[in-house]
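[1] Make a model of this:
(2 chains)
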Number of protein chains: 2
Amino acid sequence: VTGVTTQRARSEVAKRRRRRDMLSAARTLAVRDGVRAVTLAAVTTASGLHPSAVRRYFDSKEELLLELAEQEWQTWSSAVVTRLRGRTDLPAADIAATLVDTLAAQPLFCDLSTHVVLSLEDGVGYARARQYKASSFEAYDKMAAAIASASALQLAGAQDVLSATLALAAYLWQVAHPGPVLAAIYADVPRWGHVATNFELDLRRLLAELILGAEQYG
Amino acid sequence: VTGVTTQRARSEVAKRRRRRDMLSAARTLAVRDGVRAVTLAAVTTASGLHPSAVRRYFDSKEELLLELAEQEWQTWSSAVVTRLRGRTDLPAADIAATLVDTLAAQPLFCDLSTHVVLSLEDGVGYARARQYKASSFEAYDKMAAAIASASALQLAGAQDVLSATLALAAYLWQVAHPGPVLAAIYADVPRWGHVATNFELDLRRLLAELILGAEQYG
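    Okay, here's the model as predicted:
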């Protein structure tokens, strides 16, 4: 091993560690303040890097956040596949509970989902976006297969349920996390606020209804 | 009538016309380029106003876009209520078709819906946001009642269907309108693009399944 190779290897290790630190700092910020509040500058400061160094690790905020979304897909997919492994003929309510419990454990994924379709996927280059698509579709396919095996749903029905879960969770999560103006209005008019305080309950009921329907749909 | 009163009345008429012109310009821009691309500066230019005049009519882009969303709620509510008037015992597929056909006729509403929950409602003051809530809930309540009357759904089920329609349409509309990077990827990997090209079909099937389930849900 030459000195140059060792140095390069060391610097590769250091670079990977730096990227990990930045992703971890971004995750902490996003969970605390919401994905909308994350900036590259804040991530740089939080991870103890000099601002001029950040572009060595990520081209943009979008690239950083998309990598978090990719990690979240893998986590969600593994959790669902693990919970459904070996199960068969689960009723609609149990499938809904599996999807909602695992999602509720990943608030960052719920928040990111809206941003992914609105700005993240199209805010990075072709190669990076394509890698994200391949990786998220792989996670999606594993989950759809696991749902079909564990329930009375056909594969197409399981895909419908999974796509709807993502769409409903993305929208309802934003509704459930109002800013200060809406929070004040909800305190004054509780009926309008119900939808903001029942994220898991609403999502679980909507999915149970959808699964019940999808099982019968020709 | 004194001269001053006449002048004030005239200026009120002029102000209302200016606001209407700006809303109309914003609508045109948003439909053509997407809600994300709308800026107050572009709206000002498109409506032939001097940039310094814009704040006389709208405090912010958020206020302007929220007013468009309010108009769209009224339009959608009227369309659904009119189509369902006097109907009873409609099957799930017909209710789904009514909701999706009317939504598909309002692409701006679909696009705005994500922005409403992400940034518009909380980007204006308390009074303006509260007016929006009152107005959109009134539209929502009329539609939910019309759906319950026209179908086998109870009111709670009709509300579930309506909430899910909004959530699914908001998310799937963004998926169906990818930027240039994603569009290129979809051209190269058609399987990933299916979800982007089947907005109405997917939404109709998901809603039909949901309604079928909601009719039976205890």
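
[2] just how off-centre is the lengthiest helix in chain A within its chain?
    Criterion DSSP state H: the longest helix present in chain A is helix A:3-33. When distances are taken as C-alpha atoms, centre = their mean, to the nearest Å, helix A:3-33 is centred 21 Å away from the chain's centroid.

[3] Now that helix: buried residues?
    Buried residues in helix A:3-33, defined by neighbour count with 16 or more other C-beta atoms under 10 Å in any protein chain shown: A:18, A:19, A:21, A:22, A:23, A:25, A:26, A:27, A:29, A:30. Placement of C-beta: from N, CA and C, glycine included.

[4] Can I get these in a markdown table including pLDDT and distance to chain B?
    Below are the buried residues of helix A:3-33 laid out as a markdown table (pLDDT from 0 to 100; distance: C-beta to the nearest C-beta, whole Å):
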| residue | pLDDT | distance to chain B |
| --- | --- | --- |
| A:18 | 90 | 26 |
| A:19 | 91 | 22 |
| A:21 | 92 | 28 |
| A:22 | 93 | 23 |
| A:23 | 95 | 22 |
| A:25 | 94 | 23 |
| A:26 | 95 | 19 |
| A:27 | 96 | 20 |
| A:29 | 96 | 18 |
| A:30 | 97 | 14 |
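
[5] Out of those, which is nearest to residue A:168?
    residue A:30 (20.9 Å; C-beta to C-beta).

[6] quick one, what contacts the residue nearest to the closest one when sequence neighbours are not counted?
    Excluding the flanking residues, the one nearest residue A:30 by C-beta to C-beta, 6 or more residues apart in numbering or on different chains is residue A:38, at 5.1 Å. Residues in contact with residue A:38 (C-beta atoms under 8 Å, 6 or more residues apart in numbering or on different chains) are A:26, A:29, A:30, A:61, A:64, A:65.

[7] do residue A:86 as well
    No residues are in contact with residue A:86 under the rule C-beta under 8 Å, 6+ apart.

[8] Secondary structure element holding the closest residue to residue A:93 other than its chain neighbours?
    Of all residues not flanking residue A:93 in the chain, residue A:208 sits nearest, at 5.0 Å (C-beta to C-beta, 6+ apart). Using DSSP states H and E, residue A:208 maps to helix A:199-216.

[9] just to revisit the earlier point, would you turn the contacts of residue A:38 into JSON lines with distance to residue A:14?
    What follows is the contacts of residue A:38, written out as JSON lines (distance: C-beta to C-beta, whole Å):
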{"residue": "A:26", "distance to residue A:14": "19"}
{"residue": "A:29", "distance to residue A:14": "23"}
{"residue": "A:30", "distance to residue A:14": "24"}
{"residue": "A:61", "distance to residue A:14": "22"}
{"residue": "A:64", "distance to residue A:14": "18"}
{"residue": "A:65", "distance to residue A:14": "23"}
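
[10] now, which of the residues you listed sits nearest residue A:98?
    residue A:30 (24.9 Å).

[11] returning to what we had before: separation between the residue nearest to residue A:30 and residue B:6?
    54 Å (C-beta to C-beta, to the nearest Å).

[12] likewise residue A:146?
    Counting by C-beta to C-beta - residue A:146 and residue B:6 are separated by 73 Å.

[13] Likewise for residue A:122?
    Distance, residue A:122 to residue B:6, by C-beta to C-beta: 53 Å.

[14] how about the residue positioned nearest the centre of chain A, phi and psi?
    Centroid check for chain A by C-alpha atoms, centre = their mean gives residue A:109 as the closest residue, at 2.3 Å. The phi and psi values for residue A:109, taken as degrees, to the nearest 10, are phi -60, psi -40.

[15] need the next SSE after the longest helix of chain A, C-terminal direction.
    Counting by DSSP H and E, what follows helix A:3-33 is helix A:40-46.

[16] Would you mind pulling up the elements that that next one packs against?
    Counting contacts by 3 or more C-beta pairs under 8 Å, 6 or more residues apart in numbering or on different chains; DSSP states H and E, helix A:40-46 packs against helix A:3-33, helix A:61-84.
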